[in-house]
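Chemist: the following block contains a protein sequence and its predicted model.
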Amino acid sequence: MASRKVIDARADSEGDITHVKLEGNQRFTPVKKAMEMADRGEIENAHSVHRRNAKPHLRTNPDSQKSNNLDDMAGDK
């Protein structure tokens, strides 16, 4: 059962999301670990994307808000 939410994100100099902050945590979690958690259904507002010809990445679930997209959270508007 999903119980955590992504509430903030950090990106590297190339704009790739490297860490996310989960609700209730004080520290940022590496995106690889967050993807593993999302794959297990432990994050309610995000999922990991695994495509054959692309680098795996974490994505927030679609909705009508732009402010909860990882790029916006990381300041990469």
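Modeler: Here it is on my side, so go on. Numbering: from 1, shown residues only.
Chemist: heading C-terminal from the helix ranked longest in the chain, find the next helix or strand.
Modeler: Longest helix of the chain, by residue count under DSSP state H: helix 31-39. Of the helices and strands lying after helix 31-39 in sequence (DSSP states H and E), the nearest is strand 46-49.
Chemist: could you say what helices and strands that next one packs with?
Modeler: helix 31-39, strand 57-60 (3 or more C-beta pairs under 8 Å, 6 or more residues apart in numbering; DSSP states H and E). From N, CA and C alone the C-beta is placed, and that goes for glycine too.
Chemist: neighbouring strands of that strand in the sheet, and parallel or not?
Modeler: strand 57-60 (antiparallel) (DSSP bridges).
Chemist: for the partner strand, give me every contacting residue.
Modeler: Outside strand 57-60, the residues that touch it by C-beta atoms under 8 Å, 6 or more residues apart in numbering are 6, 16-17, 20, 31, 34-35, 38, 45-49, 68-70.
Chemist: buried set for stretch 43-61?
Modeler: Of all the residues in stretch 43-61, those buried under the rule 16 or more other C-beta atoms under 10 Å are 43, 46, 47, 48, 58, 60.
Chemist: show me the beta-bridge partners of residue 48.
Modeler: Assigned bridge partners for residue 48, using DSSP bridges, are residue 58.
Chemist: lowest-confidence helix or strand of this structure?
Modeler: Using mean pLDDT, DSSP states H and E, helix 70-73 stands out as the lowest-scoring helix or strand of the chain, at a mean of 90.
Chemist: output the contacting helices and strands for that helix.
Modeler: Helix 70-73 packs on strand 6-11, strand 17-22, strand 57-60, going by 3+ C-beta pairs under 8 Å, 6+ apart.
Chemist: can you name every helix or strand that the helix or strand harbouring residue 29 contacts?
Modeler: Residue 29 is part of strand 28-30 when elements are defined by DSSP H and E. Where contact means 3+ C-beta pairs under 8 Å, 6+ apart, strand 28-30 is packed against strand 17-22.
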